[in-house]
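quick one, structure for this:
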Amino acid sequence: MSPRTEPPQPAAPSGRGQGEGARLAEAPAAELIETSFRLEIGDAPILWRGLGRADLAHALMLCEVGVIPPADGCRLLALLLELDQVPLEQISLDPALEDAYSNREAWLRKRDQHVAGWMGAGRPRREPATVAYRLAVRERLLDLCRALADFATTLVDCAAANVETVTPDFTYLQHAQPTSLAHYLLSFAYPVVRDLERLRGCFARTNQSPAGIGNINGSRLPLDRRRLAELLGFDGVIVNTRDAMWQVDGPVEIMSLVVALVLNLDRLAEDLQIWNTAEFDLVELADRHARISLIMPQKKNPYSLAFVRGVTGSLLGRMVAMAAVGKTPSAQMDNRVFVLGEVPRALDQAIGAVRLMAGVLAGVTFNAPVMRRRASQGYAYATDLAEVVMQTAQTSYRSAHRLVGLAIRMAIERGDGEGEIPADILAEAGRQVLGRPVELPADVRAKLGDPAAIVATRQGIGGAAVEPVAAMLAELRHEVGSARTWEAETSARLSAAETALLRLAAARATRETIVR
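Take a look at the predicted model:
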């Protein structure tokens, strides 16, 4: 038999063959380029800077451990530093090259094909993008920390200015009890503090290095993973190399953080949108946060609030999407190309919503006279009356609750308004429920009719009275101050690491002595 001979192979397509080996004989399909590859190229503005830092750190580490010959290492670092200075908009990214990393490698090959080949030593395709993603996310988490701290400060400052502003609180949009505007606002400040705590934990898990994994099971090359983490400003190394490349819980955790914080914004925005109506008339947005109707001249639409609520819905959908794209076999991450851009974009959107809501709150006008008047309506003192009846008539709270509820129904049926329950009706309700009339002293009835006096009785921890509100204000200022300190220190440390990386790369590129 004649020996079998392989047919001659066509030259590998430009870009693919040179950059990734000659396994494929065909160029990428046009429909693949226009869908997947173009999507990946679309994430370049988010990942580009991080890809540059990842490339520099990898090349520098390979030089330090002796994988790259010294002359080639100097040349490669010099080219990477040159590329770092080229604005992205001046680089014509080609979707046919599949992603931003391959475009970077193609740029290097055009200048020196030999040294460009070292970039793939001990590094799979997805590693640089994974590193860049973590760098992009950690930067945005710090921006989000600043935005949340500013929002919390706005809430606290607004509350401090309204400690004695009496307002009705509502449940199911019905009058519930009198409270202070400060107490109401602080109910949104505490979730922000919890958001800041969650953010710090999320940052700690995000700021771990996946760099230098080699492949799913490591590398036979002497890759220094701890050195890579140090160069890139990571706090540590993701130990298991397989886990480092294929984590799915991180994006879900980040999106859960985002959704938790925007839900808090959404609840405040919905309240303010309702309060902003003519029917409630409790607040008015500043003109700069409103929008006119182009057909109805009288309209002043609270567009900023509606936008924040829309952002919340959009981000809820993205959280589900991030969970869905992680639902794969354990060793598949190509479908996570959606994560690389979507999570940073979600963080950008959340940061914008937080800043917008802080601006809205800083500019809103609270209608204090209407708030105080409404706090006296709707039988909002009913719970206090039931408690007084319980103590005065020496009966159980459930009986007192029934008595007051009956008295309110009788007053409504008789058309006695919705403010104070007449004494004769209260007495008759007592006869029907307890078998005896209930009569309250005039001074007790007067205090029950004063919403400010009711609020002043809320002296327990977390209550609406002046003293517990003052304690909450102090606590919140301390917690926000701690978050600001952490953010400033962390940002400074990351900036120092980046400066050191660039300095070391420049020194090696120019053959200067490097002191480690």
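
where along the stretch 51-200 of the chain do the strands fall?
166-171, 174-180 (DSSP state E, counting those that start in this stretch).

give the contact list for the spatially closest residue to Phe151 that is not a sequence neighbour.
Setting aside the residues directly before and after it, Phe151 is nearest to Ala358 in space (CB to CB, 6 or more residues apart in numbering), at 4.2 Å. C-beta here means a position set from N, CA and C on the backbone, and glycine is covered the same way. Neighbouring residues of Ala358 by CB atoms under 8 Å, 6 or more residues apart in numbering: Ala147, Asp150, Phe151, Thr154.

what's the neighbour count on Arg414?
Per other CB atoms under 10 Å, the neighbour tally for Arg414 reads 11.

the strands of the stretch 51-200 of the chain: which one's closest to Ile274?
Between Ile274 and the strands of the stretch 51-200 of the chain, the shortest gap by CB to CB is with strand 166-171, which sits at 8.6 Å.

and the strands of the stretch 51-200 of the chain as a markdown table, adding mean neighbour count, mean pLDDT and distance to Arg49?
Output for the strands of the stretch 51-200 of the chain, formatted as a markdown table (neighbours: other CB atoms under 10 Å; pLDDT from 0 to 100; distance: least, CB to CB, whole Å):
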| stretch | mean neighbour count | mean pLDDT | distance to Arg49 |
| --- | --- | --- | --- |
| strand 166-171 | 20 | 94 | 47 |
| strand 174-180 | 20 | 93 | 47 |
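
format the ones you listed as TSV; extra columns: distance to Val480.
Shown next, in TSV, are the strands of the stretch 51-200 of the chain (distance: least, CB to CB, whole Å):
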stretch	distance to Val480
strand 166-171	24
strand 174-180	20
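
for those strands, which one sits closest to Glu34?
Of all those, strand 166-171 comes closest under CB to CB, at 52.1 Å.

quick revisit: closest one of the contacts of Ala358 to Met245?
Distances from Met245 to the contacts of Ala358, taken as CB to CB, are shortest for Ala147 (31.0 Å).

that closest one contacts Leu347, correct?
No. Using CB atoms under 8 Å, Ala147 makes no contact with Leu347, being 10.2 Å away.

show me where the stretch 201-350 of the chain has its helices.
Secondary structure of the stretch 201-350 of the chain (DSSP state H, counting those that start in this stretch): helices at 225-231, 241-246, 249-275, 303-325, 337-363.

quick one: closest of those to Asp287.
Per CB to CB, nearest to Asp287 of the helices of the stretch 201-350 of the chain: helix 337-363, 8.7 Å.

just checking, what packs against the helix or strand just after the closest one?
Helices and strands here follow DSSP states H and E; after helix 337-363, the next one along the chain is strand 365-366. The elements that strand 365-366 packs onto, with contact taken as 3 or more CB pairs under 8 Å, 6 or more residues apart in numbering; DSSP states H and E, are strand 283-284.

neighbouring strands of the strand it packs on in the sheet, and parallel or not?
strand 365-366 (antiparallel) (DSSP bridges).

and the strand it pairs with, how far out from the chain middle?
A distance of 27 Å separates the centroid of the chain from that of strand 365-366, by CA atoms, centre = their mean, to the nearest Å.

equivalent analysis for stretch 212-223, please.
On CA atoms, centre = their mean, the centre of stretch 212-223 falls 34 Å from that of its chain.

report the buried residues of that stretch.
By neighbour count with 16 or more other CB atoms under 10 Å, stretch 212-223 contains the buried residues Gly212, Ile213, Gly214, Ser219, Leu223.

thinking again about what came up before, just the contacts of Ala358: which are in helices?
With helices taken from DSSP state H, the overlap with these comprises Ala147, Asp150, Phe151, Thr154.

before we move on, back to that, compare the strands of the stretch 51-200 of the chain and give me the one nearest Glu64.
strand 174-180 (61.7 Å).

relative to strand 166-171, how tilted is that closest one?
140 degrees (axes from the mean of the first three to the mean of the last three CA atoms, to 10 degrees).

strand 174-180 packs against which elements?
Applying 3+ CB pairs under 8 Å, 6+ apart, one finds that strand 174-180 contacts strand 166-171, helix 368-375, helix 451-456.

distance of the spatially closest residue to Ala497 that is not a sequence neighbour relative to Asp43?
Of all residues not flanking Ala497 in the chain, Gly233 sits nearest, at 3.3 Å (CB to CB, 6+ apart). Distance, Gly233 to Asp43, by CB to CB, to the nearest Å: 21 Å.

which residues touch stretch 276-285?
By CB under 8 Å, 6+ apart, stretch 276-285 touches 167, 272, 274-275, 300, 302, 304-305, 360, 363-367, 370-371, 374.

go again using 7 Å as the cut-off
Contacts to stretch 276-285, defined as CB atoms under 7 Å, 6 or more residues apart in numbering, come from residues 272, 274-275, 302, 304, 360, 363-367, 370-371.

next one: stretch 141-158
Residues from elsewhere that reach stretch 141-158 (CB under 7 Å, 6+ apart): 185, 188-189, 192-193, 195-196, 199, 202-203, 206, 261, 347, 350-351, 354-355, 357-358, 361-362, 473, 476-477, 480, 483-484, 487, 490-491.

quick revisit: redo the buried residues of stretch 212-223 as CSV? Include pLDDT and distance to Arg111.
Below are the buried residues of stretch 212-223 laid out as CSV (pLDDT from 0 to 100; distance: CB to CB, whole Å):
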residue, pLDDT, distance to Arg111
Gly212, 94, 25
Ile213, 92, 28
Gly214, 89, 27
Ser219, 92, 27
Leu223, 95, 25
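
show me the domain layout of the chain.
Per automatic domain parsing, the structural domains of the chain span 16-121, 127-162+169-218+239-369, 377-449.

dump the ones you listed into CSV; add distance to Leu502 as well.
Shown next, in CSV, are those (distance: least, CB to CB, whole Å):
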stretch, distance to Leu502
domain 16-121, 7
domain 127-162+169-218+239-369, 14
domain 377-449, 63
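
looking at the ones you listed, which is closest to Ala509?
Using CB to CB, those put domain 16-121 closest to Ala509, at 3.9 Å.

my guess is Leu316 contacts Val259, does it?
Yes. Using CB atoms under 7 Å, Leu316 makes contact with Val259 at a distance of 5.8 Å.

more crowded one of the two?
Neighbours were counted for Leu316 and for Val259 using other CB under 10 Å; Val259 has more, 19 against 16.

appreciated, that's everything.
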